[in-house]
Every structure is written in C-alpha cells, then in structure tokens.
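>>> Give me a 3D structure for the following:
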Amino acid sequence: MIAITRDPIDIMALNVSALHPDCGAVASFSGTVRNSHKGRAVRQLAYDAYEPMARAELERAVADCLAAWPDLRKVQVVHRFGRMNIGESSIYITVSSPHRPEAFAALRFMIERIKKDVPIWKKEYYEDGESGWLHPEDGRSPDHLTARALDASGAP
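From the prediction side, this is the model:
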C-alpha cells in the first residue's frame with residue numbers, strides 16, 4: 001500500500017493494517033519533524049513533489065523490496081506533503097514479515113531508497129527565516145526534477 005497525502009498520517013490505522021497472521025514481526029518507521037537542523041531552530045517543514053513521479057518511484061521501491069525479501073507479507077508507505085509542525089510525521093513505513101531480521105532489513109532498505117530515489121523536496125522554516133527547496137538527501141533543487149521528468153518521458 002502506497003499513499004501520498006496532505007493530511008496528517010493515521011499511524012494507528014497503519015499499525016493495525018500491518019498485522020498479518022503469518023507475521024511475527026511488524027517493523028515501523030516514522031520520520032518526524034524535529035525542532036532543529038544544523039544548529040538552527042526549526043518552526044515548520046514543508047515537503048513537495050511531482051506526485052505522479054513520486055508515486056511511481058515509491059511503487060518501484062516497494063516492488064524491489066518485495067523482490068529482495070519475498071517472505072514479506074505487507075509493505076506500507078505513506079508520505080505526507082505540505083506544511084508540518086514539529087513532532088508531526090512526514091513519512092510512515094511498516095513492513096510485515098514472519099521474522100524480525102528481514103523486517104528490520106526491509107524497513108531500512110525502504111527509508112534509504114525513498115530518501116535517495118524519490119523526487120521529494122523539503123523546505124525548512126527557521127525561527128530566523130526559511131531555506132530554499134532542497135532534496136532531503138543531497139541538496140538538489142527542484143530544477144533537477146524537470147530534467148529527470150524529461151528524461152523519463154523521452155522528450156528531447
């Protein structure tokens with residue numbers, strides 16, 4: 001299950017949905033908005049993306065995860081876009097597996113893959129001003145999205 005939303009993530013519903021009778025391990029990860037970054041006080045964060053491309057990359061990450069760990073029963077990913085306050089979850093992932101080593105490995109794979117490959121940009125709102133839009137993993141600006149979208153479409 002993959003979802004992109006602008007509403008608060010219903011973590012409790014995802015935890016219940018992750019349960020599976022074949023699974024002794026349900027691992028979860030919540031990426032939450034923290035109150036500081038690199039020594040600067042943060043008031044809010046905002047995430048944005050080109051949603052069709054973000055959804056396609058999320059689907060690819062889940063498919064690769066399931067291929068690498070075929071015993072997994074469920075993988076759920078919900079990413080929130082828009083403005084978020086301190087303590088709110090921007091991403092929530094669950095992985096259901098018969099055994100915990102695979103659940104932990106798959107969960108780590110998912111968050112690392114999402115941060116690396118999914119075209120999502122973050123803006124931090126500091127107490128003393130705001131940042132520009134940045135890709136959370138490597139600092140790319142949204143201009144990178146245009147080039148990547150053109151590459152994917154086959155346009156010249």
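
>>> Every contact and neighbour count from this point should use C-alpha atoms.
Fine.

>>> Strands along the protein, start to end?
Listed in chain order, the strands found in the chain under DSSP state E are 2-5, 25-32, 36-37, 40-49, 74-80, 82-85, 89-97, 120-126, 129-130.

>>> list the helices and strands the second one packs on?
It refers to strand 25-32. Counting contacts by 3 or more CA pairs under 8 Å, 6 or more residues apart in numbering; DSSP states H and E, strand 25-32 packs against strand 89-97, helix 100-117.

>>> coming back round to it: possible to save the strands of the chain as JSON lines with mean pLDDT?
What follows is the strands of the chain, written out as JSON lines (pLDDT from 0 to 100):
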{"stretch": "strand 2-5", "mean pLDDT": "94"}
{"stretch": "strand 25-32", "mean pLDDT": "96"}
{"stretch": "strand 36-37", "mean pLDDT": "87"}
{"stretch": "strand 40-49", "mean pLDDT": "91"}
{"stretch": "strand 74-80", "mean pLDDT": "97"}
{"stretch": "strand 82-85", "mean pLDDT": "94"}
{"stretch": "strand 89-97", "mean pLDDT": "97"}
{"stretch": "strand 120-126", "mean pLDDT": "89"}
{"stretch": "strand 129-130", "mean pLDDT": "72"}
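
>>> Just put those in CSV and tack on mean neighbour count and distance to Ala63.
Below are the strands of the chain laid out as CSV (neighbours: other CA atoms under 10 Å; distance: least, CA to CA, whole Å):
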stretch, mean neighbour count, distance to Ala63
strand 2-5, 15, 11
strand 25-32, 19, 18
strand 36-37, 12, 32
strand 40-49, 19, 21
strand 74-80, 22, 9
strand 82-85, 18, 26
strand 89-97, 25, 13
strand 120-126, 21, 19
strand 129-130, 12, 36
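
>>> Output those strands as CSV; include the columns distance to Ala106.
Listed next are the strands of the chain as CSV, based on distance: least, CA to CA, whole Å:
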stretch, distance to Ala106
strand 2-5, 15
strand 25-32, 9
strand 36-37, 27
strand 40-49, 24
strand 74-80, 9
strand 82-85, 27
strand 89-97, 7
strand 120-126, 21
strand 129-130, 34
